[in-house]
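Enquirer: this is a predicted model, with the sequence first.
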Amino acid sequence: VKYMLLIYHNPANFQELPEDEHDAIMRDVDAIVAELTESGELIGGEGLADPSQTKTVRVRDGVPVVTDGPFLESKEHLVGYCMFEAETLDRALDIAKRWPDARHWAVEIRPLMVHEAGTEM
Amino acid sequence: VIDDLLRRLAPQVLGTLVRRHGQFDACEDAVQEALLAASVQWPDEGVPEHPASWLIAVASRRLADHQRSEHARRRREEAVAAQTPPGDGRVPELDDTLALLFLCCHPALRPPAQIALTLRAVGGLTTAEIATAFFVPEATMAQRISRAKQRVRETGIPFQLPPGEERLRAVLHVLYLIFNEGYSATSGSDLQRVELTREAIRLTRAVHRALPGDGEVTGLLALMLLTDARRPARTRPDGTLVPLAEQDRSLWDRESIREGVALVTGSLSRTRVGPYQVQAAIAAVHAEAERAEDTDWPQVLALYELLERIGPNPMVTLNRAVALAMVRGPQAGLDLLATLEADDRIAGHHRYAAVRAHLLELAGDRAAARAGYRDAARRTTSVPERRYLDACAARLVHDAPA
């Protein structure tokens, strides 16, 4: 099953973390990505620019309205994602539990929809 | 046509090289390069008189080239270069195909690696083709294959026959998985995946030719043919799913059904019965019913009971519940489902929810059926299945009595 791991941060307390914890997070991410690459499970992933760079688009009655920034007032926001293919949910959870951002904030794993169907129902 | 020829020759060429030189991984690279060269040259220059020998010669040269660059292997290089292609090609071709399958499906490898390696080394598919079929980036698939080959090298898996019974089961399981990957395609644009079905049938045929007396090999081939026969009827042109009971049976492939039924009938009378044969027998019972209402459900039920005795598994129980409902009424099926409620392996599965909703609908409990279909729709990760289950739920809303 292919999974998307969504990484959430609270930017305020990311800045408050000590320098060596920043480094540790980077190091741990690199290690997991290396592991997923080596195992042939990695599909891809990227980090997202600061939420202030977001444009929100809404089309109402055919008229697009573009506003700056995220509309949500939530404390945590999406900072990146990683996609991988895991044989089991346990394996996916194992990766999520070791993802360093989960230590401070949260990560979500969500299975991807596929366009195939199994045998007849 | 050339593609088909190359795929057929791939295991034979690789088998020959591995028997001569060992080093499965290096040989496999060399054979891929030879196949690529052939696919470029043959359409222009014509197929050589002895295509297998041509491929073996080119692959041997590539192998030698690679080894030349490796200092430590300098001495072996001359031996390789001196090899002349076998003129008569008296290679036990089927043995090579089998031995390669056993190598690729070794228990030291996880199923995704077994599948990828089998398709490349035995099926002759390129890494790009396999990656497309499995919807992953080519780099991901390349890494899976190279890691699998490295593992084969590290564990020193021997290239030889005869394999044990257990290894044969592993091979059959991998072929079954490849078939299912292809069969799950629901739109005509998924050509690469349909190709997987064809490939699985082709390889299973090869194993069957090598081991015609093995009932489970025969059973798997029959199961694939009987299942594949329904492909034209299982989706509508817009990609929506058609359940077995509603399929237009005139679209089923009669030739595949005839062959599948003949295979399974012959094997059931001759060999010890195993799960693939029983599943094929169930598919045969469905295939032989001209209309859904003609289905011999008592026979299907008896076969599911047999299947459950051979290998108990909640998915089989789920299917048995459907057959039981058709024979003894929906409540009997629902009672059986209730015994699975505490089974973590199945209780959260969308198919459990879908079957339960279907039986509730048959029992006339429309509200519970509707909730069940909605629950199943939320649980599936398949777009066509979700659409189908949502439609089932919606249907119960629309024609609900006022």
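Expert: The structure has been received and is ready for your questions.
Enquirer: only C-alpha atoms from now on, for both contacts and neighbour counts.
Expert: Fine.
Enquirer: which residues of chain B lie near chain A?
Expert: Selection of chain B residues close to chain A by CA under 8 Å from any CA of the partner chain yields B:136-137, B:140-144, B:147, B:180, B:183-186, B:234, B:242-244, B:351, B:355, B:381-385.
Enquirer: narrow the residues you listed to those that are buried.
Expert: B:136-137, B:140-144, B:147, B:180, B:183-186, B:234, B:242, B:244, B:351, B:355, B:381-385 (16 or more other CA atoms under 10 Å in any protein chain shown).
Enquirer: let's see which of the residues of chain B next to chain A end up in helices.
Expert: Those of the residues of chain B next to chain A mapping onto helices are B:140-144, B:147, B:180, B:183, B:234, B:351, B:355, B:383-385, per DSSP state H.
Enquirer: which one of those residues sits closest to B:Gly266?
Expert: Minimum distance to B:Gly266 across those is 24.3 Å, recorded for B:Asn180 (CA to CA).
Enquirer: how about B:Asp228: what's its closest non-neighbour residue?
Expert: Setting aside the residues directly before and after it, B:Asp228 is nearest to B:Tyr183 in space (CA to CA, 6 or more residues apart in numbering or on different chains), at 7.2 Å.
Enquirer: is the one you found in contact with B:Ala229, as I believe?
Expert: No: taking contacts as CA atoms under 8 Å, B:Tyr183 lies outside contact range of B:Ala229: 10.6 Å.
Enquirer: may I ask which two of the ones in helices among the residues of chain B next to chain A are separated the most?
Expert: Of all pairs drawn from these, the widest gap by CA to CA lies between B:Arg147 and B:Val355 and measures 40.0 Å.
Enquirer: now do the longest helix seen in chain B: which elements does it pack against?
Expert: The longest helix of chain B (DSSP H) is helix B:24-45. If you count contacts as 3 or more CA pairs under 8 Å, 6 or more residues apart in numbering or on different chains; DSSP states H and E, helix B:24-45 packs onto helix B:2-21, helix B:51-68, helix B:138-155.
Enquirer: show me what counts as buried in the one helix or strand B:Leu324 maps to.
Expert: Assessed by DSSP states H and E, B:Leu324 sits inside helix B:314-328. Under the neighbour-count criterion of 16+ other CA under 10 Å, helix B:314-328 has B:314-315, B:317-327 buried.
Enquirer: before we move on, back to that, mind putting the helices and strands packed on helix B:24-45 in JSON lines, mean pLDDT included?
Expert: Output for the helices and strands packed on helix B:24-45, formatted as JSON lines (pLDDT from 0 to 100):
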{"stretch": "helix B:2-21", "mean pLDDT": "89"}
{"stretch": "helix B:51-68", "mean pLDDT": "90"}
{"stretch": "helix B:138-155", "mean pLDDT": "91"}
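Enquirer: make CSV out of these and add distance to A:Arg110.
Expert: Output for those, formatted as CSV (distance: least, CA to CA, whole Å):
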stretch, distance to A:Arg110
helix B:2-21, 38
helix B:51-68, 44
helix B:138-155, 20
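Enquirer: ok, which of those helices comes nearest B:Ala30?
Expert: helix B:51-68 (4.9 Å).
Enquirer: for chain A, what's the longest helix?
Expert: Under DSSP H, chain A gives helix A:19-39 as its longest helix.
Enquirer: near chain B at all, it?
Expert: Yes: Helix A:19-39 reaches chain B (CA under 8 Å from any CA) through A:37-39.
Enquirer: point out where the stretch 251-400 of chain B drops to low pLDDT.
Expert: Counting by pLDDT under 70, the stretch 251-400 of chain B has low-confidence residues at B:398-400.
Enquirer: what do you get for chain A?
Expert: Scanning chain A for pLDDT under 70 picks out the ranges A:71-74, A:118-121.
Enquirer: can you give me the helices for it?
Expert: A:11-16, A:19-39, A:89-98, A:101-104.
Enquirer: what does the longest one rub up against?
Expert: Residues lying outside helix A:19-39 but in contact with it, judged by CA atoms under 8 Å, 6 or more residues apart in numbering or on different chains, are A:42, A:84, A:95, A:99-101, B:140, B:143-144, B:147.
Enquirer: please apply the same query to the shortest one.
Expert: The contact list for helix A:101-104 (CA under 8 Å, 6+ apart) reads A:7-9, A:25, A:96, A:107.
Enquirer: what residues sit buried inside it?
Expert: Buried, per 16+ other CA under 10 Å, within helix A:101-104: A:Asp101.
Enquirer: cool, the longest one as well?
Expert: For helix A:19-39, the neighbour count (16+ other CA under 10 Å) marks A:29, A:32-33, A:36-37, A:39 as buried.
Enquirer: residue contacts, B:Arg328?
Expert: Per CA under 8 Å, 6+ apart, neighbours of B:Arg328: none.
Enquirer: gap between it and B:Thr339?
Expert: Note on B:Arg328: its distance to B:Thr339, by CA to CA, to the nearest Å, is 17 Å.
Enquirer: and A:Lys2, by the same measure?
Expert: A:Lys2 is 31 Å from B:Thr339, by CA to CA.
Enquirer: across the sheet, point out what pairs with the residue nearest the centre of chain A.
Expert: The centre of chain A sits closest to A:Leu6, judged by CA atoms, centre = their mean, with a distance of 2.3 Å. Taking DSSP bridges as the rule, A:Leu6 bridges to A:Tyr81, A:Glu108.
Enquirer: and A:Lys2 and B:Thr339? Which one has more around it.
Expert: Neighbour totals were compared for A:Lys2 and B:Thr339, and A:Lys2 leads with 23 against 11 (other CA atoms under 10 Å in any protein chain shown).
Enquirer: and the more buried one, what is it in contact with?
Expert: A:83-86, A:111-112.
Enquirer: just the pLDDT for B:Gly89.
Expert: Note on B:Gly89: pLDDT of 44.
Enquirer: picking up where we left off before, for the helices and strands packed on helix B:24-45, which one sits closest to B:Leu175?
Expert: Within the helices and strands packed on helix B:24-45, the stretch nearest B:Leu175 is helix B:2-21; the backing value is 15.3 Å (CA to CA).
Enquirer: end-to-end on stretch B:359-371?
Expert: Start-to-end, stretch B:359-371 (CA to CA) is 13 Å.
Enquirer: which residues does that stretch contact?
Expert: For stretch B:359-371, the surrounding residues in contact (CA under 8 Å, 6+ apart) are B:322, B:325, B:330-331, B:333-334, B:356-358, B:392-394, B:396-397, B:400.
Enquirer: most surrounded residue in those?
Expert: Counting neighbours by other CA under 10 Å, B:Ala357 comes out on top of these with 28 neighbours.
Enquirer: so how far is B:Ala133 from it?
Expert: The value you get for B:Ala357 to B:Ala133, if CA to CA is used, is 33 Å.
Enquirer: please apply the same query to B:Asp296.
Expert: Per CA to CA, B:Asp296 is found 37 Å from B:Ala133.
Enquirer: what of B:Glu49?
Expert: 33 Å.
Enquirer: with B:His286 instead?
Expert: Distance of B:His286 to B:Ala133, computed by CA to CA: 29 Å.
Enquirer: same question, B:Gly333
Expert: Distance from B:Gly333 to B:Ala133, by CA to CA: 37 Å.
Enquirer: got a list of what the nearest residue to B:Thr97 once chain neighbours are set aside touches?
Expert: Nearest residue to B:Thr97 in three dimensions, chain neighbours excluded: B:Pro11, at 5.3 Å (CA to CA, 6+ apart). For B:Pro11, the contact set (CA under 8 Å, 6+ apart) comprises B:96-97, B:100, B:121-124.
Enquirer: swap in 7 Å and give it another go.
Expert: Applying CA atoms under 7 Å, 6 or more residues apart in numbering or on different chains to B:Pro11 gives the contacts B:96-97, B:121-122.
Enquirer: that one and chain A, how far apart?
Expert: 24 Å (CA to the nearest CA, to the nearest Å).
Enquirer: got it, and B:Thr197?
Expert: Applying CA to the nearest CA, the value for B:Thr197 to chain A is 13 Å.
Enquirer: can you read off the pLDDT for that residue?
Expert: 91.
Enquirer: who has more neighbours, B:Glu49 and B:Ala133?
Expert: B:Ala133 (19 against 8).
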